[in-house]
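Participant: heads up, no residue letters with this:
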């Protein structure tokens, strides 16, 4: 909604606007399906979380966020709190953590025992205590994507991680960046190899609609190629980068080249349940300010 439109409504049609807003909100609530949620990846406000995690979480709650996705799990603690402590903090703020990012590496799998290490078992255990539905690994080691056969074998570990998570009522998940679309093995795109060698019942896919642009891919194409495979997605827009080494950087939703509304609507049609806002670059704005703007846009779109 443009400034001129807001001015028109405020000055000339307040009553009608109020009724329209109520109608839009009612229609949005009717569109929501069971299990659908909107949240924020806490990496979006990573510096704030370092300086004042409690104050930052309170600020997000006051904005209207009900769900967060962590990006910090170190020594069995989320942002310095145990799983039980962090869950209570979120509960007290009226929030939940349905998913989180913890990189699963080859060090988490003991090939000689054909079993996960205690470290990964603890990761899954703490995720369950914190109330997660998804345990998401947001990276694939470079060493595991140099050889086709090595990658295939490691994707079986993905499936086994899914089995481990299932025992606690969760799913294992994978989150893409850009290399999955720009790199190939045996003539096959790495993303295709991942999707075709992981069991959808065990391994959920979290589609980052922004990251893929730096790999030359577009979300609508990927979603239509693999309908129903994306239980979760990172809701993100992209503009030409103002700094750094990548071509694109993230920006306020609806201001860049990603057809965000079209992507999330298709996601909803195909069964996506988690819509996680993430903005990593801010174009001079404060991270919390962009988090507030992005949530307002999602609400306007009915999410």
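Facilitator: Okay, I see it. The structure presented is a predicted model; accordingly, all values stated were derived computationally and were not measured.

Participant: can you list the domain ranges for the chain.
Facilitator: Taking automatic domain parsing as the domain assignment, the record places the domains of the chain at 1-31, 35-300.

Participant: now the longest one: how far from the chain's centre is it?
Facilitator: Relative to its chain's centre, domain 35-300 lies at 4 Å (C-alpha atoms, centre = their mean, to the nearest Å).

Participant: now the end-to-end length of it.
Facilitator: Terminal residues of domain 35-300 lie 20 Å apart, using C-alpha to C-alpha, to the nearest Å.

Participant: Just put the domains of the chain in CSV and tack on mean pLDDT and mean neighbour count.
Facilitator: Just so you know, the C-beta spots here come from the backbone N, C-alpha and C atoms, and that holds for glycine as well. Output for those, formatted as CSV (pLDDT from 0 to 100; neighbours: other C-beta atoms under 10 Å):
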stretch, mean pLDDT, mean neighbour count
domain 1-31, 41, 11
domain 35-300, 98, 18
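
Participant: quick one, helices of this structure?
Facilitator: For the chain, the helices defined by DSSP state H cover 3-12, 14-31, 46-51, 53-63, 83-92, 118-130, 148-166, 179-182, 190-196, 219-225, 260-270, 287-300.

Participant: Let me know which of the ones you listed is the nearest to residue 173.
Facilitator: Across the helices of the chain, residue 173 has its closest neighbour in helix 148-166 (8.7 Å, C-beta to C-beta).

Participant: Return the residues in contact with residue 255.
Facilitator: Contacts here follow C-beta atoms under 8 Å, 6 or more residues apart in numbering; on that basis residue 255 touches 237, 239.

Participant: can you put the helices of the chain in a markdown table and add distance to residue 73?
Facilitator: Output for the helices of the chain, formatted as a markdown table (distance: least, C-beta to C-beta, whole Å):
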| stretch | distance to residue 73 |
| --- | --- |
| helix 3-12 | 41 |
| helix 14-31 | 33 |
| helix 46-51 | 12 |
| helix 53-63 | 13 |
| helix 83-92 | 9 |
| helix 118-130 | 7 |
| helix 148-166 | 15 |
| helix 179-182 | 23 |
| helix 190-196 | 23 |
| helix 219-225 | 27 |
| helix 260-270 | 26 |
| helix 287-300 | 20 |
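
Participant: Which one of those helices lies nearest to residue 249?
Facilitator: helix 287-300 (12.2 Å).

Participant: Which elements pack onto the closest one?
Facilitator: The contact analysis (3 or more C-beta pairs under 8 Å, 6 or more residues apart in numbering; DSSP states H and E) places helix 287-300 against strand 37-41, helix 46-51, helix 53-63, strand 274-277.

Participant: Now tabulate the ones you listed in CSV and tack on distance to residue 122.
Facilitator: Shown next, in CSV, are the helices and strands packed on helix 287-300 (distance: least, C-beta to C-beta, whole Å):
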stretch, distance to residue 122
strand 37-41, 22
helix 46-51, 22
helix 53-63, 21
strand 274-277, 24
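
Participant: Ok, which of those comes nearest residue 164?
Facilitator: Nearest to residue 164, of all those, is strand 274-277, at 20.4 Å by C-beta to C-beta.

Participant: Direction included, what does that closest one pair up with?
Facilitator: Sheet pairing for strand 274-277, assigned by DSSP bridges, gives strand 37-41 (parallel), strand 232-235 (parallel).

Participant: which other residues reach it?
Facilitator: When contacts are defined by C-beta under 8 Å, 6+ apart, strand 274-277 is touched by residues 36-41, 44, 67, 69, 98-99, 133-134, 206, 231-236, 253, 264, 267, 291, 294-295, 298, 303.
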